[in-house]
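Asks: Sequence first, then the predicted structure, then my questions.
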There are 4 protein chains.
Amino acid sequence: MGDSFGQLFRIMSFGESHGAGLGVVIEGCPAGVPIAASDIQVELDRRRPGQSKLVTPRKEKDQVEILSGVFEGHTLGTAIGLLIRNADVDSSKYEDFKDKYRPSHADYTYDVKYGRRDWRGGGRASARETAARVAAGAVAKRVLSVRCPDLCVVGWVAQVASVSAAVDPTTVTSDAVDAHPTRCPDAQAAADMEAAIQEARKARDTVGGVVSCVVRGVPAGWGEPVFDKLEADLAKAMLSIPAAKGVEVGSGFAGTLLRGSQHNDPFVMAGGDVRTTSNHSGGIQGGISNGEDIFLRVAFKPVATIFQSQDTVTSDGRATTISPKGRHDPCVLPRAVPIVEAMVSLVLCDHMLRQRARQP
Amino acid sequence: MGDSFGQLFRIMSFGESHGAGLGVVIEGCPAGVPIAASDIQVELDRRRPGQSKLVTPRKEKDQVEILSGVFEGHTLGTAIGLLIRNADVDSSKYEDFKDKYRPSHADYTYDVKYGRRDWRGGGRASARETAARVAAGAVAKRVLSVRCPDLCVVGWVAQVASVSAAVDPTTVTSDAVDAHPTRCPDAQAAADMEAAIQEARKARDTVGGVVSCVVRGVPAGWGEPVFDKLEADLAKAMLSIPAAKGVEVGSGFAGTLLRGSQHNDPFVMAGGDVRTTSNHSGGIQGGISNGEDIFLRVAFKPVATIFQSQDTVTSDGRATTISPKGRHDPCVLPRAVPIVEAMVSLVLCDHMLRQRARQP
Amino acid sequence: MGDSFGQLFRIMSFGESHGAGLGVVIEGCPAGVPIAASDIQVELDRRRPGQSKLVTPRKEKDQVEILSGVFEGHTLGTAIGLLIRNADVDSSKYEDFKDKYRPSHADYTYDVKYGRRDWRGGGRASARETAARVAAGAVAKRVLSVRCPDLCVVGWVAQVASVSAAVDPTTVTSDAVDAHPTRCPDAQAAADMEAAIQEARKARDTVGGVVSCVVRGVPAGWGEPVFDKLEADLAKAMLSIPAAKGVEVGSGFAGTLLRGSQHNDPFVMAGGDVRTTSNHSGGIQGGISNGEDIFLRVAFKPVATIFQSQDTVTSDGRATTISPKGRHDPCVLPRAVPIVEAMVSLVLCDHMLRQRARQP
Amino acid sequence: MGDSFGQLFRIMSFGESHGAGLGVVIEGCPAGVPIAASDIQVELDRRRPGQSKLVTPRKEKDQVEILSGVFEGHTLGTAIGLLIRNADVDSSKYEDFKDKYRPSHADYTYDVKYGRRDWRGGGRASARETAARVAAGAVAKRVLSVRCPDLCVVGWVAQVASVSAAVDPTTVTSDAVDAHPTRCPDAQAAADMEAAIQEARKARDTVGGVVSCVVRGVPAGWGEPVFDKLEADLAKAMLSIPAAKGVEVGSGFAGTLLRGSQHNDPFVMAGGDVRTTSNHSGGIQGGISNGEDIFLRVAFKPVATIFQSQDTVTSDGRATTISPKGRHDPCVLPRAVPIVEAMVSLVLCDHMLRQRARQP
């Protein structure tokens, strides 16, 4: 319960931050999809620690091994097992506060829920678990690329602290996103974001922000009303990511200020297709994709681990202070981009299969 | 696929707007919970059309019949069937545009997905389906009230168009919310909202807004990482509601502007309990409730049906205009409050059972 | 939990024997399938009480109402709600022993599990719940008939007490089965079975037996190893039927006496297709249909309600005797045939969609 | 789809016979259960090849590694990842017939279903996948042993070819079962079974048989009517095991010959408990455990791999013959015992949690 995601393209993930490793099993993947470990590795490399000076220096190559489900370079249709061993584990930094609840971390809630927890590196609650999401998402991306060659998922950092980027979702590319360590494709904003991150780090503090994501080329017809609407499953996927606190699709919260006459997306015929002349709906109407770009934004809170003394309590109920050590990101946004893309890809691949199932 | 919701407290709903009726079946409801049709009816009455001059005049009593699962005033533990007959059905208003796609409605996407649709009153895509949610949510509320007597779910209208309310989530009550037809417990804001709604109606237009919801009295320990985090399941529940475009938990998008040192919630001991002195986390940490108030906000776009001529296309691909008739709300926010509460209650009841399952 | 069945073609059923009625909701049914209430009624009529002198005289027309999901004679792809009102309810016969546990019924186990039960007519544990299965199964049959016109599901009574029938599964038809009230297409055996049933009834006793079922025309490729093998899901479906105590597929228990060299089904080419020259596998190999006839047998114990005095205990733990009254079948076999067919059809329809999902 | 099993205690397994390895992830395991790799290894050793002269000589130590979910000797409540590397892989024996469909194996059906298959050692369809079941089942056994100390699951070989054993299910122990390589606790029958197996081996042939299993100490109240009845989930579990062709619970097929007056289990009070004086029900009534011993029997067909020339076809549709080589069991029954016990334990652990969920 809670370690699996999806209905037809379904994953179950496992792993603690400082245990033997992380992994994921994928069931329901169609057979015959060409895939290699390198297809997965390229996405993991976008998420892994130590990739730039903006992120945690923990040295993890995050090398993936395909344990099953792939033969002669193609998926078999059987369960795909993926394993990433933990390599650079240093639990000593956590010894000092293994009985202290780190504020706005999951130490306390895991203790209450399970009666025990792996305190080393945050255990299962560490954002390190997202490596398994990215690995599974890479497989989903491959399946989508074979079945829907026009479909592309592009995420980027749209805001860090108070710095916002100006990006055109209809044209932005992953190459442009990955060109800067912030993963912001607006050069000026990227520079300002980097400065904001470095300033926060110097202040032994952290910052939050927003990741935007667009999906172009989704066929009309994906999404399962009334509960498994496409935006509903995307929202769940996004708020399951560590540190995510909000999600909006299409016009989102800003759309609440528009009138219906401004917000409605008029239909027109274009090249024989039904299209809309605006896209406040964000590519989804009535829970089903309408063929326009799907657009969403995800809010990430500032990283909870700050290198300052904070008030807290111990697991046996005494007031104390805590001054975390260890290796941490001052801002998760750059590494959150591949995670957002992975979760979006998992949702889309699942809904592609769900829509396929009912067709003659 | 798509008509069911929840894992252990699981519902399957059905019904078209102008068909025989709507209903829902609930499986997994614990036995021995006292419940009467009137417990469900009181919530349906908060959602039903015609309840005030601010909402659609469609006259539906939305009277619920308990078909099964309740005996001698208590739940049996078996499936609970609930049925609400449609009464005031007038499909004639829809005849004129049954082949025209209403902008920002689900007409086009249903046609693409299913190859056909019930055009009468929006069919399954009508917001009328939410009556089934409210009925099931009322049962969830009863279960929660028996198992967790201190738990209360209170939603309210926090914003309509550009009018925002000032409401203290730690003390707001449902009585205060229901005292005004806008379901805004801030009297001045309520009056301004009412004026904004009436002004939009006169302009044959519609407005959107935000519903806030607080849950007080949730025990620490509910939520199932890493995918079925409490905020993730709440987010899915919220974005499955018709017209919802965004959701935030705790500090949400505003929290992205804070630094970690400002955002972290320090732990303290209070009355023998672990508590936090602020609540930017919105009552959830690492996907698990921490005993503080759960707080969320949901963005609703302006109603798509406006009584103005709009550009659109026909189902056979010709450009045309449409001028909807029928009976519609100029603003869904007042009626959205019981729907939000119902969906929140369903998620919480499900997670209560999920947490119960693993305990000795 | 427990009231739903299937993964993609998924049903949730509800209803107590002497409550308001029984019903079922179907989600995941493909759109565009022509269906009328009469298609469902014809199957319900094969199951309903009072259809012959061999079954219970309870007078239930079991008239089905389609509440949703069907429009202009075709499925919409949305949830299909089906309702059957209870009509001939007489709970007075149960008053006398509402505190006595009927031997080999579910009275005691329901009390232990749920802490209460609807004692009227057996409540949810009554075999009357199978009406909902038959209704849903009729929809599944319609879907199968449209998608796989060559597929046919034929069940029959193969054994009653010690009387066994000789029936050729490769040619038997439903018309031949329904020609005799025993639903045994072997005329001599049918006459002997009828005599055995009447003799048991006179002795105020009951008899059991075996239903066989063949499915011809299943395409190769259905079934989802390693856990959702076709025979595994069929076995679950069969043993979920009241009074079923065993199931075998293909050679079953008798096959355990053969050697591998006798049991193996040699492959040959026939008309361009891969076929087998024998069918000990029962149409399923490695959990996946191989295109041969699927063949299974289901054991039904003798009916638990006998009109004799039996030793039992009361719900407050006192020894007593019980002498049931009411209206009961001396043998469930004839009415079990449409139930077995319905459950088989539900499994096959589900697996058809599951296999469809993964295909390009 | 198809690689996962269970609702609350849920597993997803993976692995091909000659790939990198096999494994399983378990979600929903309660926290705080003491467990070590050796607890799992002891069960794997009962299943592994090479354990006696009666089984395949493939040399696999089947050494399990716990990848996650266990910390300081106790379960964490998080996903438990288990990995078993393949060691003694020799695919050369399969090269010769990689394009020939082995009769009564899954070669043909996998090809039809997936369009490709891993032909080495049977790939995913190899009975080697059951190692993952046994590993997961060992964890389920540990959980059951902590929560229900009186519960014990004992399987044994009840029949091989035409040799049947006389065993008292109310007293049989695992020690007695494991005392003989046939896993038959009736010494005379065990000797006869061994002779039958050796004789078949000499004839380059194989034999089938029956595994019986009893569960003593199950509390009354487990099982979820109407579809997830305890016998239904057990039946699915049993028929998901490779080579299983039938299952019966309690009186099974033999019970069809009894009259109701003979078959009914009278209730009596015994030591303050409600008990029955006979147990034709096999410990389950109305789909719910009644506190008596659960008893079931599983039919296994003779092993499909025989060392004789057989008629078959190639994947491109030509008639041919096949003479398998490789390392194979002449009889799966002795190794099937721990597999049956594992699947039974998984079902029971799942239902224990499901029943727990609804209780106050």
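Replies: Looks like it came in fine.

Asks: May I have the phi/psi pair for A:K100?
Replies: Per-residue torsions, A:K100: phi -110, psi 140 (degrees, to the nearest 10).

Asks: excluding its backbone neighbours, what's nearest the residue of the stretch 51-200 of chain A found nearest chain B?
Replies: Minimum separation of the stretch 51-200 of chain A from chain B (CB to the nearest CB) falls at A:A106, amounting to 2.3 Å. For every residue, glycine as well, the C-beta is placed using N, CA and C. Using CB to CB, 6 or more residues apart in numbering or on different chains and skipping the chain neighbours, the partner closest in space to A:A106 is B:G286 (2.3 Å).

Asks: so what's the one you found up against?
Replies: Contact analysis of B:G286 by CB atoms under 8 Å, 6 or more residues apart in numbering or on different chains lists A:105-106, A:109-110, A:125, A:242, B:223, B:225, B:229.

Asks: if you look at those residues, which of them are in helices?
Replies: The helices, defined by DSSP state H, take in A:109-110 from the contacts of B:G286.

Asks: Including pLDDT, could the contacts of B:G286 go into a markdown table?
Replies: Output for these, formatted as a markdown table (pLDDT from 0 to 100):
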| residue | pLDDT |
| --- | --- |
| A:H105 | 96 |
| A:A106 | 97 |
| A:T109 | 98 |
| A:Y110 | 97 |
| A:A125 | 96 |
| A:P242 | 98 |
| B:G223 | 98 |
| B:P225 | 98 |
| B:K229 | 98 |
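
Asks: which one of the contacts of B:G286 sits closest to chain C?
Replies: Closest approach to chain C among the contacts of B:G286 (CB to the nearest CB): B:G223, at 19.5 Å.

Asks: Isn't the closest one up against B:I284?
Replies: Yes - counting by CB atoms under 8 Å, B:G223 does reach B:I284; the two are 6.5 Å apart.

Asks: quick revisit: ok, the residue of the stretch 51-200 of chain A closest to chain B to chain D distance?
Replies: 11 Å (CB to the nearest CB, to the nearest Å).

Asks: What is the burial count for that residue?
Replies: Look at A:A106: counted by other CB atoms under 10 Å in any protein chain shown, it has 27 neighbours.

Asks: list the contacts for it?
Replies: A:A106 neighbours (CB under 8 Å, 6+ apart): A:122, A:125, B:225, B:285-288.

Asks: Take those residues and keep only those in helices.
Replies: Cross-referencing the contacts of A:A106 against helices under DSSP H gives no overlap.

Asks: Take these and keep only those in strands.
Replies: Residues of those located in strands (DSSP state E): B:285, B:288.

Asks: from the contacts of A:A106, which is closest to A:H280?
Replies: A:H280 has its nearest neighbour among those in B:G287, at 30.8 Å by CB to CB.

Asks: before we move on, back to that, for the contacts of A:A106, which single residue is the most surrounded?
Replies: Neighbour-wise, these (other CB under 10 Å) top out at B:Q285, 31 neighbours.

Asks: Do you know the pLDDT at it?
Replies: Here the pLDDT value assigned to B:Q285 is 98.

Asks: what's the closest non-adjacent residue to it?
Replies: The shortest distance from B:Q285 to any non-neighbouring residue, by CB to CB, 6+ apart, is to A:T109 (4.8 Å).

Asks: any idea how far that neighbour is from chain D?
Replies: From A:T109 over to chain D the distance is 12 Å, taken as CB to the nearest CB.

Asks: Check A:M1 too.
Replies: Distance, A:M1 to chain D, using CB to the nearest CB: 4 Å.

Asks: what do you get for A:I241?
Replies: Applying CB to the nearest CB, the value for A:I241 to chain D is 17 Å.

Asks: likewise A:V303?
Replies: According to CB to the nearest CB, A:V303 and chain D sit 22 Å apart.

Asks: Let me see the confidence value for the spatially closest residue to that residue that is not a sequence neighbour.
Replies: Distances taken as CB to CB, 6+ apart place A:T206 nearest to A:V303, at 3.8 Å, with adjacent residues excluded. We have a pLDDT of 97 for A:T206.

Asks: Also A:I40?
Replies: Model confidence at A:I40, expressed as pLDDT, equals 98.

Asks: contacting residues around it?
Replies: A:64, A:66, A:82, A:135, A:138-139.

Asks: Serialize the contacts of A:A106 to JSON lines and add fields for distance to D:V211.
Replies: Putting those into JSON lines (distance: CB to CB, whole Å) gives the following:
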{"residue": "A:G122", "distance to D:V211": "45"}
{"residue": "A:A125", "distance to D:V211": "42"}
{"residue": "B:P225", "distance to D:V211": "39"}
{"residue": "B:Q285", "distance to D:V211": "48"}
{"residue": "B:G286", "distance to D:V211": "44"}
{"residue": "B:G287", "distance to D:V211": "42"}
{"residue": "B:I288", "distance to D:V211": "42"}
